[in-house]
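Visitor: no sequence on this one, just coordinates:
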């Protein structure tokens, strides 16, 4: 059921959707994508009808939307089929739930024509942050609060620094990761310098940027094929 934005008749209190509803394990490489979808719901839950909220929960619980890695390679058609289905559905039967979900996950790949159409439907595409309102009705789970408190006392960065200070600590490269000017590395028994780390960071960034570029080009090509058909 379509409506303008902001929603004239939101369902209050909103349906609860938490990270525990994500169909992926935290160790899954697609988990961060699912987290983005859930957090987008927190921001907009009190701006949705009950129909929107129920629909959004169903979208969050569909794992196919998150498995986008190497979609252009063999055996990855499941993800694109799921994505194409929700994209097409949002164009033919627009709902605020589908738009918020798509915007959370694929904002950098959707064509301008899609946003033009959505603008005509919802009048405003501004997605404001109403997470505080959501939490007023759905307090944060106790286990999440406990984990946040632990991370504040022992932040991951501190643990990483502690590991790097260990001579035998393993790095993501499978080598010892000494503190600059400290223990010698396993490569030529020489200490890593700031310059070495910067070079490594630049190489990794180029690799990631290249991969993202290929993914975007693949999606745009599929958009073009779908539009022509």
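Guide: Great, that's in hand. Keep in mind that this is a model prediction, so the values were computed, not measured.

Visitor: any idea how far residue 58 lies from residue 202?
Guide: 42 Å (Cβ to Cβ, to the nearest Å). The C-beta positions use only the backbone N, C-alpha and C, and glycine is treated the same way.

Visitor: go on, residue 116?
Guide: To residue 202, residue 116 is 38 Å away according to Cβ to Cβ.

Visitor: surely residue 40 and residue 107 touch.
Guide: No. Residue 40 is beyond contact range of residue 107, at 10.0 Å (criterion: Cβ atoms under 8 Å).

Visitor: helix or strand with the lowest mean pLDDT in this structure?
Guide: helix 156-164 (a mean of 51; mean pLDDT, DSSP states H and E).

Visitor: give me the domain ranges for this protein.
Guide: According to automatic domain parsing, the chain comprises the domains 19-145, 154-192, 194-229.

Visitor: follow-up on the earlier one: neighbour-wise, which of residue 40 and residue 107 wins?
Guide: residue 40 (21 against 11; other Cβ atoms under 10 Å).

Visitor: which residues are in contact with that one?
Guide: 100, 101, 103, 104, 127 (Cβ atoms under 8 Å, 6 or more residues apart in numbering).

Visitor: same question, residue 20
Guide: residue 141.

Visitor: backbone phi and psi for it, please?
Guide: Main-chain torsions, residue 20, degrees, to the nearest 10: phi -70, psi -10.

Visitor: what residues sit buried inside stretch 105-125?
Guide: Residues of stretch 105-125 classed as buried by neighbour count (16 or more other Cβ atoms under 10 Å): 105, 106, 109, 110, 114, 118, 121, 122.

Visitor: many thanks, we can stop here.
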